[in-house]
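Visitor: Could you look at this predicted model? Sequence included:
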Amino acid sequence: MWRQLTSHWKLHKYSILLVLASITLYASFAYNLHREDFIKLLTLSIALFFLCYKIIQFQKWNFKFLLGAGILFRLVFLIAEPNLSQDFYRFIWDGELINNFKNPYLYLPKVLIEQEDLIIANAHELYKGMGDLSPKFYSNYPPLNQLIFAITAFLGGKTILGSVIVMRITIVLADIGIVYFGRKLLKNLNRSPHLIFWYFLNPLVLIELTGNLHFEGVMLFFFIWSLYLLSIDKWKSSAIVYALSIMVKLVPLLFLPLFLTHFKFKKSVQFYGIVGITTATLLMPFYSSEFITNYSETVGLWFSNFEFNASIYNTIKYIAITFLDAKPWELIKSYGKITPIVTIITVLLFTFLKKNKDLNTLIASMLFTLTIYYFISPTVHPWYIIFLVLVSLFTNYKYAIIWSAAVILSYWAYGQPDFKENLSLLSIEYITVFGVFIYELVTQRNKKRLFCKN
């Protein structure tokens, strides 16, 4: 036993030291970081990205080592309260509502909190933790996500920390599932299976999913599982799982038109039918006459009321205010009406101008569609980039990984009054991202030309 340990140490000592260093930094991030301390946040993030790169570089063919390292990093956060996001308070609140047989799409927290007989556990602490914005709006989390909230609130034993731990375990298990199906999908696409660890060990993934309890990881688990099923021609099962992904987060809805040219017409109709039936089944327990109105209004706010870490929108806003004397509150509403139209046109262009019959091409179309959507969106929270990171691993493009590191600059706003952004830092972020994006587009185009000539 001792000889085995000694031998293992000699073979992997540098990698083990890098893992130990990462654990120390993640512990500091989880338990000793205030989001107002941007310098410390930035320093920790840069160091963790560097360590991530070196660990994968040294151990990319050692599956057990990388899987174990990723799990250890996640366990560091196990009992930590999220320090960069307040969303988890609303998750628990919605879960408690369901457990008390109340529809979270029909009740505003700001109204419920006034009731004397409110039986939600830790109601006042949850309400205060949400901040000023969330209590004013109906819940915008899809039904399957709500069911997960209900289960975590139930298993959490009526305590906030208990619910946090259950949510965190759920998200960690989803990430392990992504590694499992992601490696299989990479092999089916003739790509190196070690690439999945650029997701599993990515500091942004660890910080925003495991640390801050965003459920993109659960959505992506179903999404990658669905693509894997598609790769082995189990398209009916794929449709069911794809619907589960949509019912955790709505983002995969964006890609549905692309399947029209991936399948033949008859099969695409059947695929959409299965997705629709599965979605409707999950919606039924929450449906009421007010549901559609409340939900659509809440989702619509993301297009016309909120702005954060935007690229093209911030450029337009600067020009409009500086040279055209535009009013910011009027501009965001006008821009919000245009964004869905541009998004729909983008999806339709990738649907009918790209040959999406091949799964590789379909995934590339998904990557570019989502990228353009984020480029034009007025709100791009850091955890949104995680979807791009995972999808990019199945293509020849890596700009999303660069973006996952550069997006840390947007965290400056977290420590400022009213989340005031630093446009200079955002400029650095997006100059970097657009630069790498354009470089890769040109490089890949030249490679295709060379291949065609040969």
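Guide: Sure thing, it's come through. Numbers count the residues shown, from 1 in each chain.
Visitor: Flag the shaky bits of the stretch 151-300 of the chain, pLDDT-wise.
Guide: 300 (pLDDT under 70).
Visitor: can you pull out the helices in it?
Guide: 160-188, 197-200, 203-205, 216-231, 235-246, 259-262, 265-283, 291-304 (DSSP state H, counting those that start in this stretch).
Visitor: Of all these, which one comes closest to Pro104?
Guide: helix 291-304 (9.9 Å; Cβ to Cβ). (Each C-beta comes from the backbone N, C-alpha and C, glycine too.)
Visitor: May I see the buried residues of the following helix or strand past that closest one?
Guide: Per DSSP states H and E, the first helix or strand lying C-terminal to helix 291-304 is helix 312-324. With burial defined by 16 or more other Cβ atoms under 10 Å, the residues of helix 312-324 counted as buried are 312-314, 316-317, 320.
Visitor: Considering the residues you listed, which is situated nearest to Leu48?
Guide: Asn314 (27.0 Å).
Visitor: Give me the local confidence score for the closest one.
Guide: We have a pLDDT of 91 for Asn314.
Visitor: Check whether it really touches Glu429, as I assumed.
Guide: No. Using Cβ atoms under 8 Å, Asn314 is not in contact with Glu429, being 10.7 Å away.
Visitor: Number of residues surrounding the nearest residue to Lys184 once chain neighbours are set aside?
Guide: Nearest residue to Lys184 in three dimensions, chain neighbours excluded: Tyr228, at 5.4 Å (Cβ to Cβ, 6 or more residues apart in numbering). Neighbourhood size, Tyr228 [other Cβ atoms under 10 Å]: 22.
Visitor: Could you measure from Tyr228 over to Ala153?
Guide: Per Cβ to Cβ, to the nearest Å, Tyr228 is found 31 Å from Ala153.
Visitor: cool, and His124?
Guide: Counting by Cβ to Cβ - His124 and Ala153 are separated by 16 Å.
Visitor: okay, these two: which has more neighbours?
Guide: Taking neighbours as other Cβ under 10 Å, His124 and Ala153 compare with Ala153 leading, 29 against 10.
Visitor: sorry, back to before: including distance to Val166, could the buried residues of helix 312-324 go into JSON lines?
Guide: Listed next are the buried residues of helix 312-324 as JSON lines, based on distance: Cβ to Cβ, whole Å:
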{"residue": "Ile312", "distance to Val166": "39"}
{"residue": "Tyr313", "distance to Val166": "37"}
{"residue": "Asn314", "distance to Val166": "38"}
{"residue": "Ile316", "distance to Val166": "43"}
{"residue": "Lys317", "distance to Val166": "41"}
{"residue": "Ala320", "distance to Val166": "46"}
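Visitor: out of those, who's nearest Lys447?
Guide: Closest to Lys447, out of all of those and judged by Cβ to Cβ, is Ile312, at 27.7 Å.
Visitor: ok, now which ones touch that closest one?
Guide: By Cβ atoms under 8 Å, 6 or more residues apart in numbering, the contact list for Ile312 reads 375-376.
Visitor: rerun at 10 Å
Guide: 335, 339, 342, 372, 374-378, 430, 434 (Cβ atoms under 10 Å, 6 or more residues apart in numbering).
Visitor: What of Ser289?
Guide: Taking Cβ under 10 Å, 6+ apart, one finds Leu106 in contact with Ser289.
Visitor: Could you do Leu244 as well?
Guide: 142, 144, 218-219, 221-223, 225-226, 252, 275, 278-279, 282.
Visitor: and if we set it to 7 Å?
Guide: 144, 222 (Cβ atoms under 7 Å, 6 or more residues apart in numbering).
Visitor: Against Leu201, how distant is it?
Guide: 26 Å.
Visitor: Then Lys102?
Guide: 40 Å.
Visitor: Same drill for these two, tell me which one is more crowded.
Guide: Taking other Cβ under 10 Å, Lys102 and Leu201 do not tie; Leu201 has more neighbours (24 against 16).
Visitor: before we move on, the earlier item: among the buried residues of helix 312-324, which one lies nearest to Asn360?
Guide: Ile312 (28.0 Å).
Visitor: quick one: that closest one and Ala239, what's the gap?
Guide: 34 Å.
Visitor: now swap in Gly273 and tell me
Guide: Distance from Gly273 to Ala239, by Cβ to Cβ: 8 Å.
Visitor: Those two: which has the busier surroundings?
Guide: Ala239 (22 against 11).
Visitor: Let's test this: mean pLDDT of stretch 95-109, rounded?
Guide: 92.
Visitor: Tell me the buried residues in that stretch?
Guide: Here stretch 95-109 shows 95-99, 102-107, 109 as buried, counting by 16+ other Cβ under 10 Å.
Visitor: Select from the residues you listed every entry located in strands.
Guide: Per DSSP state E, strands hold no members of the buried residues of stretch 95-109.
Visitor: got the residues you listed as CSV, with distance to Gly211 columns?
Guide: Listed next are the buried residues of stretch 95-109 as CSV, based on distance: Cβ to Cβ, whole Å:
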residue, distance to Gly211
Gly95, 20
Glu96, 23
Leu97, 25
Ile98, 25
Asn99, 25
Lys102, 29
Asn103, 30
Pro104, 24
Tyr105, 28
Leu106, 31
Tyr107, 29
Pro109, 24
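Visitor: Let me know the closest of these to Glu290.
Guide: Out of the buried residues of stretch 95-109, the member with the shortest distance to Glu290 (by Cβ to Cβ) is Leu106, at 5.7 Å.
Visitor: so what's that closest one up against?
Guide: Applying Cβ under 7 Å, 6+ apart, the residues near Leu106 are 288, 290, 294.
Visitor: wait, doesn't the last one sit right on Phe137?
Guide: This points to Asn294. No. Using Cβ atoms under 7 Å as the test, Asn294 is too far from Phe137 to be in contact (8.9 Å).
Visitor: Show me which of those two is the more surrounded one.
Guide: Using other Cβ under 10 Å as the criterion, Asn294 and Phe137 rank with Asn294 on top: 20 against 17.
Visitor: what's the nearest residue to that one if we skip its chain neighbours?
Guide: According to Cβ to Cβ, 6+ apart, the nearest residue to Asn294 is Tyr138 (4.3 Å).
Visitor: Let me see the backbone angles for the one you found.
Guide: phi -70, psi 160 (degrees, to the nearest 10).
Visitor: and what of Asn422?
Guide: According to degrees, to the nearest 10, Asn422 has phi -100, psi 100.
Visitor: pLDDT weak spots in the stretch 351-454 of the chain?
Guide: 448-454.
Visitor: Do a quick rundown of the helices in it.
Guide: 359-376, 385-392, 399-406, 423-453.
Visitor: For Gln416, find the nearest of those helices.
Guide: helix 423-453 (11.2 Å).
Visitor: What are the buried residues along the closest one?
Guide: In helix 423-453, counting by 16+ other Cβ under 10 Å, buried: 425-426, 429-430, 432-433, 436-437, 440.
Visitor: Could you do stretch 228-239 as well?
Guide: For stretch 228-239, the neighbour count (16+ other Cβ under 10 Å) marks 228-231, 235, 238-239 as buried.
Visitor: Same check on stretch 262-272?
Guide: For stretch 262-272, using 16+ other Cβ under 10 Å, the buried residues are 262-263, 268, 271-272.
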